[in-house]
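Asker: just need the structure, nothing else, for what follows:
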Amino acid sequence: MGEMVLDITDLYVSVDETEIIKGLSLQIHIGEVHAIMGRNGSGKSTLANAIMGHPAYTITSGTVRFNGKSVEDMEVHERAKAGMFLSFQYPSSIPGVQVGTFLRKSVSTVRGDDAPSAREFRKELLSHMKSLNMDKSFLGRSVNDGFSGGEKKRLEILQMLLLNPCLALLDETDSGLDIDALKVVSDGINSISPAAGCLLITHYQRLLDHVVPNFVHVMIDGKIVKTGGPELALELESRGYDWIEA
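Answerer: This next block holds a predicted model:
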């Protein structure tokens, strides 16, 4: 695998003075796919938001290093520019903002001097839309306004492909997807994973049938309590979590 892109050491995170993450350590290298599984309320989404720098999540102890540098003093937009990407479990709607305008502005802001020309951007955009089975008419719609769950997730994967991050944090990207949409979204994730580190947060094995992880981590009560390979996800699917806690 490649260089280490994310290094988390003994991390504690609180929300409204309630401790959610309780001493978590995790390392991700370029080319690795890590899946985190656990019950609702175990801290999975809190971890992703804390890494990305959401202001509601306070790191009270421990360190998060991204490409060898501490993220402690980095704002969210600075982390994005440095190569982090977070897909949300529940993407927000932005009425009145067209998808095409939103994507062009996102790419221009995040990629900065490396942003493509208008012609190259359109070429990249249409190529990725084709791979995601998205019609061109999609570009004229308002961001996530009236979108189905599958359309919202496809838009997030499209944004990820255009931004080309070196760390992708994907929070329940499989939520609300039918079989066809799951396959398309998974293909998008697989296309960036060789050149990025990926952290997948999921409840179900079905995503991992298409995006095969190098590591599966079980998270309970704010801690990673067990780590294994893809076979661990299969065991969780059949046995649940009680056997780990016992």
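Asker: can you map out the helices along the protein?
Answerer: Ranges of helices within the chain are 44-52, 76-82, 99-111, 118-131, 149-163, 179-192, 205-210, 230-239, 242-245, based on DSSP state H.
Asker: ok, for Ile8, nearest residue in space, not its chain neighbours?
Answerer: Leu26 (4.5 Å; C-beta to C-beta, 6 or more residues apart in numbering). In short, each C-beta sits where N, CA and C put it, glycine included.
Asker: my guess is that neighbour contacts His217. True?
Answerer: Yes - in this structure, Leu26 is within contact of His217 by C-beta atoms under 8 Å, at 7.2 Å.
Asker: shared neighbours, the two?
Answerer: His34, Ile224 (C-beta atoms under 8 Å, 6 or more residues apart in numbering).
Asker: quick one: low-confidence parts of the chain?
Answerer: By pLDDT under 70, the low-scoring segments of the chain are 1, 245-246.
Asker: mind putting the helices of the chain in JSON lines, distance to Asp171 included?
Answerer: Formatted as JSON lines, those follow (distance: least, C-beta to C-beta, whole Å):
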{"stretch": "helix 44-52", "distance to Asp171": "5"}
{"stretch": "helix 76-82", "distance to Asp171": "15"}
{"stretch": "helix 99-111", "distance to Asp171": "18"}
{"stretch": "helix 118-131", "distance to Asp171": "21"}
{"stretch": "helix 149-163", "distance to Asp171": "10"}
{"stretch": "helix 179-192", "distance to Asp171": "13"}
{"stretch": "helix 205-210", "distance to Asp171": "12"}
{"stretch": "helix 230-239", "distance to Asp171": "17"}
{"stretch": "helix 242-245", "distance to Asp171": "22"}
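Asker: just those: most buried one?
Answerer: helix 44-52 (a mean of 23; mean count of other C-beta atoms under 10 Å).
Asker: for it, which outside residues touch it?
Answerer: By C-beta under 8 Å, 6+ apart, helix 44-52 touches 6, 8, 11, 13, 15, 20-21, 24, 36-38, 56-57, 59, 64, 66, 71, 76, 79, 84, 86, 89, 169, 171-172, 199, 201, 219, 222.
Asker: mind giving me the ChimeraX select for the residues you listed, buried ones only?
Answerer: To isolate the buried members of the contacts of helix 44-52 in ChimeraX, using 16 or more other C-beta atoms under 10 Å:
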select :6,8,11,13,15,20,21,24,36,37,38,57,59,64,66,71,79,84,86,89,169,171,172,199,201,219,222
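Asker: in strands only, show me the contacts of helix 44-52.
Answerer: Of the positions in the contacts of helix 44-52, 6, 8, 11, 13, 15, 20-21, 24, 36-37, 59, 64, 66, 84, 86, 169, 171, 199, 201, 219 sit in strands, assigned by DSSP state E.
Asker: nearest residue to Ile30 other than its sequence neighbours?
Answerer: In space, Ile30 is closest to Gly2, 3.0 Å off (C-beta to C-beta, 6+ apart).
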